[in-house]
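In: What would the 3D arrangement of this be:
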Amino acid sequence: MVRISPSLLSSDCSRLGEELQQVAKAGADMIHLDIMDGDFVPMLSFGPSIIKSLPHIEGCDFDAHLMVQHPEKHIDAFVDAGVDRLVIHQETTMHLHFLLRRIQEAGIKSGVALIPSTPLESIDWVLEKADIVLLLTVDPGLSGAFQPGMIRKIEQVKERIVQRGLAVEVEVDGGITTRNIRQLADAGMDTAVAGSAVFQKPDYAAAIRALKQASESSSMK
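Out: Residues are numbered from 1 along each chain as shown. The predicted model follows:
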């Protein structure tokens with residue numbers, strides 16, 4: 001079954017804690033935290049002090065996605081803030097192997113993310129060191145629709161994982177709706193990051209349930 005990770009950045013940011021509790025109660029499997037530095041991506045979002053102040057709901061992990069240059073400068077702060085999963089971008093560091101290991105040694109899950117234009121070959125050498133691969137299907141921090149060409153990329157990373165006998169989770173972020181989640185699940189997606197597909201709906205529980213039902217109608221992988 002595909003897990004749903006609603007992106008808190010799409011919520012009403014004037015009441016983050018309340019929104020988090022509501023979406024967790026509505027059936028979210030985890031909470032996606034988009035961390036933007038205004039450098040790697042043109043937007044700014046929240047940092048570790050905000051995350052530390054948020055209510056941490058049992059069974060609903062904090063799924064942190066660092067869209068920042070030089071993530072090695074920030075890892076300790078986000079670990080201390082209480083995240084359960086920390087994903088960094090291949091494009092932002094020369095020390096990816098070392099940082100993935102450092103995250104795991106801190107006792108949390110490590111992940112590597114790729115923007116749409118970055119080839120999968122760039123992470124072949126660290127795939128065994130990651131718990132999560134996060135593929136973006138839109139350009140981060142920029143306007144744009146879901147890019148259907150990324151479906152083949154999802155298939156290819158899943159093939160690499162299966163061929164090597166790894167237990168690496170495939171997470172997908174960008175433009176996911178009930179209309180395309182089945183195709184993404186068929187391609188190999190394990191976790192869907194959902195922003196407006198949840199937070200722009202009047203009933204969060206119904207929105208999450210609709211996404212899961214749409215993905216469950218996919219063929220068995």
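In: Residue 84 contacts residue 109, doesn't it?
Out: Yes: applying C-beta atoms under 8 Å, one finds residue 84 in contact with residue 109, separated by 6.7 Å. No exception for glycine: its C-beta is placed from N, CA and C like everyone else's.
In: Now do the shared contacts for the two.
Out: Taking C-beta atoms under 8 Å, 6 or more residues apart in numbering as the criterion, residue 84 and residue 109 do not both touch any residue.
In: Regarding residue 154, what is its secondary structure?
Out: helix (DSSP: H, G, I helix; E, B strand; the rest coil).
In: So what's the residue count around residue 80?
Out: Close neighbours of residue 80, defined as other C-beta atoms under 10 Å, add up to 12.
In: Which residue, other than its chain neighbours, is closest to it?
Out: residue 48 (6.8 Å; C-beta to C-beta, 6 or more residues apart in numbering).
In: what's the one you found in contact with, if anything?
Out: Neighbouring residues of residue 48 by C-beta under 8 Å, 6+ apart: 74, 77-78, 80-81.
In: Go again with 6 Å.
Out: Contacts for residue 48 (C-beta atoms under 6 Å, 6 or more residues apart in numbering) come out as 77-78, 81.
In: Strands of the protein, start to end?
Out: In the chain, the strands defined using DSSP state E lie at 3-6, 30-36, 61-67, 85-89, 109-114, 132-136, 169-173, 191-194.
In: which secondary structure elements does the fourth one contact?
Out: The one in question is strand 85-89. Counting contacts by 3 or more C-beta pairs under 6 Å, 6 or more residues apart in numbering; DSSP states H and E, strand 85-89 packs against strand 61-67, strand 109-114.
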